[in-house]
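> okay, predicted coordinates and the sequence, questions at the end:
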Amino acid sequence: MANTSLLELESDSGIEAACKRLSMSKREFLQFCAAMSATLGLPQGAEAAMATAVAAKQRPSVIWLHFQECTGCTESMLRAEHPTLEKLILDVISLDYHETLFVAAGHQAEAARKSAMAAHKGKYLLVVEGAIPTKDGGIYCKIGGKTAIELLKECAADAAAVIAIGSCASWGGMPSTDPNPTGASGVAKVLGKPVVTIPGCPPNPYNFLSTVVHFLTFGSLPAVDHLGRPKFAYSRLVHENCERRAHFDAGRFAMDFGDEGHRKGYCLYKLGCKGPETYANCPTILFGDAGGGTWPVGCGHPCIGCTEEGVGFQKPIHMLAKMKNIEPPLQYARIVEEKGTGATIGAAAVLAAVAGAAAGAGAMVAKNLGLSHKAEEAEKAKDSGEKAGV
Amino acid sequence: MNKRIRTPAYQAPQPPPAGAIAEDPAPRLEAMYRRIWETSMHDMPWVNRALSVEVVGFRHWKGDWVGAVITPWFLNLFVLPGGGELWSDRPSGERCNIAFPAGELEFIADDDASAEIPAYQYCALITQVSQFDSQDIARATAEAALEALFTAPPVVEEASPVSSVADADQPDPSRRAFFRRVARR
């Protein structure tokens, strides 16, 4: 059974070794695990399981494919604000094939991929970065003489799980912008089966790491929504969680770049902010994990909806967002069931409970009102029927 | 890496300490959102015209004011300063966790010196209110949310034997004991 106390891990030799490997202090390492567990919405105790898993488990072999993309996802991962994040990612996974980070080239690289796939058959994680061109038989992207479609299908066949990182791999992203000359498509569409997607341009490395650590700790990927996005990261609209939300609610809008409202940090909705139709956790963990100065809304630029199919790279930046309607059950996900007692459930879970109870009551009133309306109508119909009969 | 990119380009100034509100803030809050409705929100395409501004269930709790607000464009929970322990003065946009019987919820601060209620903290509950066909439904939703907020979650029976064993020989969890253990090693 997994250890559920961080305190007990204080003197664990495995943890000590992991900390040395990562050149982190033990405190930093355990704090990091606690923070990640909170991001994932896990109950108390999970952070210790995670710390143990990161320290002890055999690192999953990862094959990382690049197709139609700019390598921004990889860059974002390696240049995270928290200097230890990239170290952790490279420590948590065993990156057996990655074209950008590989020393090997040409046939050597392809041979490494083949041998990793054979050695970890059915156990490796396949991470795909970039869209797959499907037009004209997929000839617009070839690696080692194979088309992207062939390569993807070959690598996905024996993978334990497939993660599509970035908007391009998730749903086509920038390369699929009209008129989409290469027929760029997402991984799920090409494979014909759902995969976990971590959209964003680039996506937050923290979300990727959390997903992988979940896989490492629990042997499964976290719960996802109908688009394959992990619910812990993509279940709330940017707008719902935005620090400028009060300005929106109070009708205080920036009307022009550089006007008084813009300088005062007012809501950017009227400048085309796509926060109201974009699902992402950027307002809480900040875009790209590169600090408040690069989180678009934090530096006064509207959100362009980079994670959202049909919004990012599709709608002009100045275009007004559509207000999305959201159902509470999808909004606030639980990753694993509550274990034990005294678990302080995270703020997201409390909100889920409160909003869930509220939505239920609202639906009940609506139903009752509907029933009484129906009864009234029936009464009226009866009355008029009787009158007609008389 | 340049330090400048780590700080937001815009940072709201720290507001002056908020004055405690002694009497029920509901009428002032309602007046504030009525004004906003009439001046800046009434011509927005996505407002729900079946709803009107209504302040629901404001109560004094731990010395501060807690309640919900319904408008044709949102349904939020609010915390207003009453001189109690929930309130903390924060610049506009800053987040804080506030503990309720249901658990901790994240609230975001706002501050507009010219408004009827200058300082408040809010928690966005329902972002798009087009799902409500009538004010009655919205009100029932807000009331249910407040009720859930002030109800402690049921305590689950400690079933797992592992956790009870762990409890028996678990070190004293207090902060002091923790540091003592660390220092001894």
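Nice, I can see it.
> helices of chain B, start to end?
When secondary structure is read from DSSP state H, chain B shows helices at B:26-36, B:135-149, B:161-168, B:175-184.
> hey, least reliable of those helices by pLDDT?
Lowest mean pLDDT within these: helix B:161-168, a mean of 42.
> lowest-confidence helix or strand of chain B?
The least trusted helix or strand in chain B, going by mean pLDDT, DSSP states H and E, turns out to be helix B:161-168, with a mean of 42.
> sketch out the low-pLDDT regions of chain B for me.
Applying pLDDT under 70 to chain B picks out residues B:1-6, B:154-185.
> okay, and the helix or strand of chain A with the least pLDDT?
Min over SSEs of chain A, mean pLDDT, DSSP H and E: helix A:328-331 (a mean of 38).
> how near is A:G292 to chain B?
4 Å (Cβ to the nearest Cβ, to the nearest Å). (Glycine included, C-beta is placed from N, CA and C.)
> please list all residues in contact with that residue.
Counting by Cβ atoms under 8 Å, 6 or more residues apart in numbering or on different chains, A:G292 makes contact with A:L286, A:G298, A:C299, B:R6, B:T7, B:P8.
> compute the distance between the fifth one and chain A, please.
In other words, B:T7. B:T7 sits 6 Å away from chain A, going by Cβ to the nearest Cβ.
> if we can go back for a sec, and the contacts of A:G292, which of them are buried?
A:L286, A:G298, A:C299, B:P8 (16 or more other Cβ atoms under 10 Å in any protein chain shown).
> farthest pair in these?
A:L286 and A:C299 (10.8 Å; Cβ to Cβ).
> mind listing what the closest residue to B:G63 other than its chain neighbours touches?
With Cβ to Cβ, 6 or more residues apart in numbering or on different chains as the criterion, B:G63 has its nearest non-adjacent residue at 1.9 Å, and that residue is B:G84. Applying Cβ under 8 Å, 6+ apart to B:G84 gives the contacts B:H60, B:W61, B:K62, B:G63, B:D64.
> number of residues surrounding A:D225?
Using other Cβ atoms under 10 Å in any protein chain shown, A:D225 has 15 neighbouring residues.
> how about it: what's its closest non-neighbour residue?
In space, A:D225 is closest to A:K231, 5.7 Å off (Cβ to Cβ, 6+ apart).
> the one you found and chain B, how far apart?
In terms of Cβ to the nearest Cβ, A:K231 sits 17 Å off from chain B.
> around chain B, pick out the residues from the stretch 151-300 of chain A.
A:237, A:239-241, A:243-247, A:249-253, A:263, A:265, A:276, A:284, A:290-295, A:298-300 (Cβ under 8 Å from any Cβ of the partner chain).
> any quick ChimeraX command for the buried ones out of those?
Listed next is the ChimeraX selection for buried residues among those, using 16+ other Cβ under 10 Å:
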select /A:237,239,240,241,243,244,245,246,247,249,250,251,252,253,265,276,284,290,291,292,293,294,295,298,299,300
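> what about the residues of the stretch 151-300 of chain A next to chain B, which are in strands?
Residues of these located in strands (DSSP state E): none.
> neighbours around the closest residue to A:S176 other than its chain neighbours, how many?
Spatial nearest neighbour of A:S176, excluding adjacent residues (Cβ to Cβ, 6+ apart): A:A184 at 4.1 Å. When neighbours are defined as other Cβ under 10 Å, A:A184 has 26 of them.
> show me what contacts A:A184?
With contact taken as Cβ under 8 Å, 6+ apart, A:A184 is in contact with A:Q68, A:A131, A:I132, A:P133, A:T134, A:C168, A:G172, A:G173, A:P175, A:S176.
> can you tell me how far the residue nearest to A:N180 when sequence neighbours are not counted sits from chain B?
For A:N180, ignoring the flanking residues on the chain, the nearest one in space by Cβ to Cβ, 6+ apart is A:G172 at 7.4 Å. Per Cβ to the nearest Cβ, A:G172 is found 27 Å from chain B.
> then A:G362?
Distance, A:G362 to chain B, using Cβ to the nearest Cβ: 4 Å.
> need the buried ones among the contacts of A:G292 in a markdown table (columns: distance to B:E143).
Below are these laid out as a markdown table (distance: Cβ to Cβ, whole Å):
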| residue | distance to B:E143 |
| --- | --- |
| A:L286 | 35 |
| A:G298 | 35 |
| A:C299 | 40 |
| B:P8 | 37 |
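> least confident of those?
Lowest pLDDT among those: B:P8, 72.
> ok, that residue touching A:C299?
Yes - contact criterion Cβ atoms under 8 Å: B:P8 and A:C299 qualify, at 6.4 Å.
> quick check, pLDDT for A:A119.
92.
> and A:S76, by the same measure?
pLDDT for A:S76: 86.
> do the same with A:T4
So, for A:T4, pLDDT stands at 59.
> ok, A:G41 next?
In this model, A:G41 carries a pLDDT of 68.
> again with the one 3 residues further on
Reported pLDDT at A:Q44 in the predicted model: 69.
> over to the one 5 residues further on?
The predicted local distance difference test score for A:A49 is 80.
> what of A:I163?
pLDDT, A:I163: 94.
> count of residues packed around it?
26.
> do B:A102 as well
Neighbours of B:A102 (other Cβ under 10 Å): 21.
> from memory it sits against A:V350, does it?
Yes - between B:A102 and A:V350 there is a contact under Cβ under 8 Å: 5.4 Å.
> what about stretch B:52-62, near chain A?
No - applying Cβ under 8 Å from any Cβ, one finds stretch B:52-62 separated from chain A by no less than 11.0 Å.
> distance of B:L105 from A:A352?
11 Å (Cβ to Cβ, to the nearest Å).
> all strands of chain A, in order?
A:61-66, A:94-98, A:125-129, A:132-133, A:142-143, A:146-147, A:161-165, A:184-185, A:196-198.
> just give me the lowest mean pLDDT stretch among those.
strand A:94-98 (a mean of 87).
> and that strand, which strands flank it?
Its sheet considered, strand A:94-98 pairs with strand A:61-66 (parallel) by DSSP bridges.
> what angle do the partner strand and strand A:161-165 make?
Orientation check (axes from the mean of the first three to the mean of the last three Cα atoms, to 10 degrees): strand A:61-66 against strand A:161-165 gives 40 degrees.
> contacts for strand A:61-66, please.
A:74, A:93-100, A:113, A:116-117, A:119-120, A:123-130, A:143, A:151-152, A:155, A:159.
> CA-only coordinates of it in CSV, if you can.
Listed next in CSV are the C-alpha coordinates belonging to strand A:61-66 (Å, rounded to 0.1, in the frame of the first residue of the first chain):
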residue,chain,number,x,y,z
SER,A,61,10.2,5.1,-21.7
VAL,A,62,8.9,7.9,-23.9
ILE,A,63,9.0,8.2,-27.6
TRP,A,64,8.5,11.7,-28.7
LEU,A,65,7.5,12.4,-32.3
HIS,A,66,7.6,15.7,-34.1
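> list the buried residues for it?
Here strand A:61-66 shows A:S61, A:V62, A:I63, A:W64, A:L65, A:H66 as buried, counting by 16+ other Cβ under 10 Å.
> residues contacting the spatially closest residue to A:I63 that is not a sequence neighbour?
Excluding its sequence neighbours, the residue lying closest to A:I63 (Cβ to Cβ, 6+ apart) is A:Y97, at 4.5 Å. Shown in contact with A:Y97 (Cβ under 8 Å, 6+ apart): A:V62, A:I63, A:W64, A:L65, A:A109, A:A112, A:R113, A:A116.
> pick out the most distant pair among these.
Every pair of the contacts of A:Y97 checked by Cβ to Cβ; the farthest is A:V62 and A:A109, at 14.8 Å.
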